[in-house]
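>>> Have a look at this prediction, sequence included:
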Amino acid sequence: MYVFSKNSLSRLQTLDPDLARVITTAMNFQVMDFAILCGMRTVQEQEVLFKTGKSRTLKSKHLPNRNNQSEAIDVAPWPVDWNDHCGFHRLAGVIQAAAAIENVPLRWGGDWDRDNDTRDQSFIDLPHFELFRPFL
Ligand SMILES: [Zn+2]
């Protein structure tokens, strides 16, 4: 049975409740194991990622929102193999199915424009998912 590690659970607790629900549902599918690499991060952590080119923005959804929660998460199939891009795509399918069931609009870092074409991205961030609430 796949379960969250202690590290994953502590990161899960930094998430917006809608996002946490989606990720919990994805794990409960028991389709594949995955780890939560990052939930909320500090402004200082974001600045380092921006300066080293690992992030394209200083207004990341990983930063605390007005409720002091993260609206973004980084996840990876477990055990983590950064060269296994197919595994990340598979996990994205699992998480998007969970988001559909939970009725929570999500955006994946492998398909920023949400057109289901993963080949038209200028920046690819396969572990990244964020709430997509453009009208809130
Ligand atoms: Zn991210």
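Right, received. Where do you want to start?

>>> Around the ion, pick out the residues from this protein.
Residues of the chain that fall close to the ion, judged by CB under 5 Å from the ion: 72, 74, 128. All C-beta spots, glycine's among them, are computed from the backbone N, C-alpha and C.

>>> give me that answer again for 6 Å
Residues of the chain lying close to the ion by CB under 6 Å from the ion are 62, 72, 74, 128.

>>> How many residues are close by the nearest residue to residue 90 once chain neighbours are set aside?
Counting by CB to CB, 6 or more residues apart in numbering, residue 32 is the residue found nearest to residue 90 once chain neighbours are left out, at 6.7 Å. Residue 32: 15 surrounding residues under other CB atoms under 10 Å.

>>> so residue 32 touches residue 75, yeah?
No. At 10.7 Å, residue 32 does not count as touching residue 75 under the criterion of CB atoms under 8 Å.

>>> Give me the common contacts of the two.
Common neighbours of residue 32 and residue 75, counting by CB atoms under 8 Å, 6 or more residues apart in numbering, are residue 91.

>>> that older thread, for the residue nearest to residue 90, list the residues it contacts.
2, 77, 87, 90-91, 94.
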